[in-house]
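Engineer: I'd like to go over a predicted model; first the sequence, then the structure.
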Amino acid sequence: MGKLRILLKAFGVSMKIKGPYSMMISLVGFGAALLPVILANRLRTLTDSLQMLMGTKGDAGPALFAFITVVGLYIAQVLITNIQQYTNGMDEIKIQRFIKGTIIRHKCEVRYSYIENHDDFQKRLAFIEEYAGYQMAKCIGNMVTILQLAAAFAAASFSLWKINPLIVLILFVTSIPAALLAYFQQEETFRYRAKWMEEGALAIHYFHMIGGGDHSLNGLQEIRHFALFDYLKARWRAIADEYIGKKNSIMAKHVKFNTAADFLRSAVYLAVLLLAAYEIYRNPAIGLGAFTLVFALSGQLQSVTGDFLVGTMVLAQNIPYMKEFFYLDELEREHKSTSEGKPSTGTIHFDNVTFTYPNTDKEVLKNITVQIQDGEKIAVVGENGSGKSTFISLMCGMFDPRAGEIHVGGINIAEDPAAAREAVSVVFQDFAHYEASLRDNITVSDKHRKADEAEIMELLRSINVHDVVEEQKEGLNELVGSFSHKANNLSGGQWQKISIARAAYRQSAKIMILDEPTSALDPVAEAQLYRNFASLTGDKTTILISHRLGITAVVDRILVFDNGKIVEDGSHKQLMAQNGLYADMYRAQAQWYA
Ligand SMILES: Nc1ncnc2c1ncn2[C@@H]1O[C@H](COP(=O)(O)OP(=O)(O)OP(=O)(O)O)[C@@H](O)[C@H]1O
């Protein structure tokens, strides 16, 4: 995309965010940019009228009129400034809402592989959230400001030019170094911040681990128990202090240069006043008011020139960042569902599937071929890191295989993940905790199903997780979570029972996937769950990952994973007879229990 096209596209989006009311106020403000010049000219007239009056008993009318117009202009200036401040505040809110909304939308719509930091997605998203989105959203406002400054510059220059063109030239030329300085300083600060966003990420991680800025309680008890605050604080400090040190030296440099620039600016201003005084001395006919005009407008012209130059340079410099914002539109989306109706079968077919995670070379799954029939109960077992959860992620369409095809419910999941997911209910290893009522926590898995309280409780009883709801004062209406003071937090096992209930609630699913669903349950609860395994899974095809090999008794077939391959496939009896990896693992666990 060419620079001009990016700029025009950004203007379009930015104008839409601003809305017609705010655009109108900006255009009114356009006229208001001329107010200081009109005011300075009225002050000139007032000074001249007062000079005429001095020592004479002449007509006070012109002075009075000039004074009244000055008052009127001041009032108009105050009103317009405040209305503009209000609309600017509104614009800021709209911009933040737009940026957050855009980020959420893209995060939900892109292919899941981006979430695992494919294409530096997370870093680029952070940059868009922090900077690029704001520059894009503000560009039309910035453009209007630049035009206002240009108008104010032209009007002020015209007024001063008539007194002495040299005044305008001096003010303009001497504003250039200060403007360049301001621009380079902004750029240096930005560059440093962008670098910090990349290098300081670890410091932010430590800061959150200690509990700052993050509402999660993850690991906080352990950190307190091992008295790790000082250790983590030192790690955070080491990185943060380096940043602060560099920032301080940049700031010190900027202050030195800015002081010099301010001296120059004041010296030029005084020189211009002297020039005006000389002009009046040389030609008294132009009147004392000319001095008032120069006095009021010179500083104005200096700052307007500087802001205009810096604003234009920054707008041009920001075009690449605006482009970064439009990167979001180029990301690959998850395919929209094209199928009519839901899958009617619970079959799962992996056909020669090989997979590597984004940005890695290691083959985590190697040539997996497996046919799972409708209604089969399958256990997936294997050592840590052998590829079991990855197998599930692919089955849920989170990633595309590097080679091979996966059909879930008869649908090629790479082509229509949304339709294939309709067939599946799942308990992930790291399931979500929703800050909501227990009812919502259970029913979010099937938003179309309208079940009343009795029906939900019946379901919970059938899979033996009803105790979590019955123990709460408000039953299904109990708010749960750790964020709100009104909510009651649950234990790890209670949360897991709710996640199982959530999966069971998705009645229409043909396939049920359970990734270590009992890891947090007590032995009695676990045994009860497997006793009710038939109620939980019904006639659904079931895939169960577990390290507890005792549960393999409730399944028809076991897939044994080793280093990304299915190395054994059969019933418990067959695999024990085979005396391979499964039999070894089973005996090791049984021995432990014995
Ligand atoms: N997001 C990821 N990016 C890169 N590699 C990953 C990612 N997730 C997992 N892996 C790697 O993939 C391999 C298989 O991991 P997976 O989680 O599928 O194993 P698993 O059999 O489920 O293990 P566990 O029994 O410990 O849960 C491991 O070597 C792991 O390091």
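Structural biologist: Okay, I see it.

Engineer: Not counting its neighbours along the chain, what's nearest residue 409?
Structural biologist: residue 343 (2.7 Å; Cβ to Cβ, 6 or more residues apart in numbering). Quick note: C-beta positions are derived from backbone N, CA and C, even for glycine.

Engineer: my guess is that neighbour meets residue 410, correct?
Structural biologist: Yes: contact status for residue 343 versus residue 410: in contact at 5.7 Å, counting by Cβ atoms under 8 Å.

Engineer: Those residues of the stretch 301-450 of the chain touching the ligand, which are they?
Structural biologist: With the criterion set to Cβ under 6 Å from any ligand atom, the stretch 301-450 of the chain comes near the ligand through 357, 360, 364, 382, 384, 385, 386, 387, 388, 389, 390.

Engineer: Buried subset of the residues you listed, written for ChimeraX?
Structural biologist: Burial among these is assessed by 16 or more other Cβ atoms under 10 Å; the matching ChimeraX selection reads:
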select :357,364,382,386,387,388,389,390
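
Engineer: Spit out the contact partners of residue 13.
Structural biologist: For residue 13, the contacting residues are 136, 137, by Cβ atoms under 8 Å, 6 or more residues apart in numbering.

Engineer: Let me know the secondary structure of it.
Structural biologist: Following DSSP: H, G, I helix; E, B strand; the rest coil, we place residue 13 in the helix state.

Engineer: Report how many residues lie close to the residue nearest to residue 409.
Structural biologist: 22 (other Cβ atoms under 10 Å).

Engineer: Redo the residues of the stretch 301-450 of the chain next to the ligand as JSON lines? Include pLDDT, secondary structure and distance to residue 193.
Structural biologist: Shown next, in JSON lines, are those (pLDDT from 0 to 100; DSSP: H, G, I helix; E, B strand; the rest coil; distance: Cβ to Cβ, whole Å):
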{"residue": "357", "pLDDT": "92", "secondary structure": "coil", "distance to residue 193": "31"}
{"residue": "360", "pLDDT": "88", "secondary structure": "coil", "distance to residue 193": "30"}
{"residue": "364", "pLDDT": "96", "secondary structure": "coil", "distance to residue 193": "37"}
{"residue": "382", "pLDDT": "95", "secondary structure": "strand", "distance to residue 193": "46"}
{"residue": "384", "pLDDT": "93", "secondary structure": "coil", "distance to residue 193": "40"}
{"residue": "385", "pLDDT": "94", "secondary structure": "coil", "distance to residue 193": "38"}
{"residue": "386", "pLDDT": "96", "secondary structure": "coil", "distance to residue 193": "43"}
{"residue": "387", "pLDDT": "95", "secondary structure": "coil", "distance to residue 193": "41"}
{"residue": "388", "pLDDT": "95", "secondary structure": "helix", "distance to residue 193": "42"}
{"residue": "389", "pLDDT": "94", "secondary structure": "helix", "distance to residue 193": "37"}
{"residue": "390", "pLDDT": "95", "secondary structure": "helix", "distance to residue 193": "37"}
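
Engineer: which two from the residues of the stretch 301-450 of the chain next to the ligand end up farthest apart in space?
Structural biologist: In terms of Cβ to Cβ, those reach their longest pairwise distance at 360 and 382, which sit 19.6 Å apart.

Engineer: related to what we said a few turns ago, any idea which helix or strand carries the residue nearest to residue 409?
Structural biologist: Using DSSP states H and E, residue 343 sits in no helix or strand.

Engineer: Next up, the contacts around it.
Structural biologist: 408, 409, 410, 411, 419, 420, 422, 423, 510.

Engineer: List just the nearest of those to the ligand.
Structural biologist: Using Cβ to the nearest ligand atom, residue 408 comes nearest to the ligand of the contacts of residue 343, at 17.8 Å.

Engineer: wait, doesn't that closest one sit right on residue 392?
Structural biologist: No: the criterion here is Cβ under 8 Å, and residue 408 misses it with residue 392 at 11.3 Å.

Engineer: If you count surrounding residues, which of these two has more?
Structural biologist: More crowded of residue 408 and residue 392, by other Cβ under 10 Å: residue 408, with 30 against 20.

Engineer: Let me know the pLDDT of that one.
Structural biologist: Note for residue 408: predicted pLDDT of 94.

Engineer: How about it, nearest residue that isn't a chain neighbour?
Structural biologist: Nearest residue to residue 408, sequence neighbours excluded (Cβ to Cβ, 6+ apart): residue 420, at 4.2 Å.

Engineer: Would you state the strands of the stretch 201-350 of the chain in chain order?
Structural biologist: 348-355 (DSSP state E, counting those that start in this stretch).

Engineer: Tell me which helix or strand residue 544 sits in.
Structural biologist: With DSSP H and E as the test, residue 544 turns up in strand 541-545.

Engineer: what about dumping the CA coordinates of that strand to CSV?
Structural biologist: Taking Å, rounded to 0.1, in the frame of the first residue of the first chain, the C-alpha atoms of strand 541-545 are listed here in CSV:
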residue,chain,number,x,y,z
THR,A,541,-17.8,-40.8,20.7
THR,A,542,-15.4,-40.1,23.6
ILE,A,543,-11.8,-39.2,23.7
LEU,A,544,-10.3,-39.3,27.2
ILE,A,545,-6.8,-38.3,28.0
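
Engineer: Thanks again, I'm all set now.
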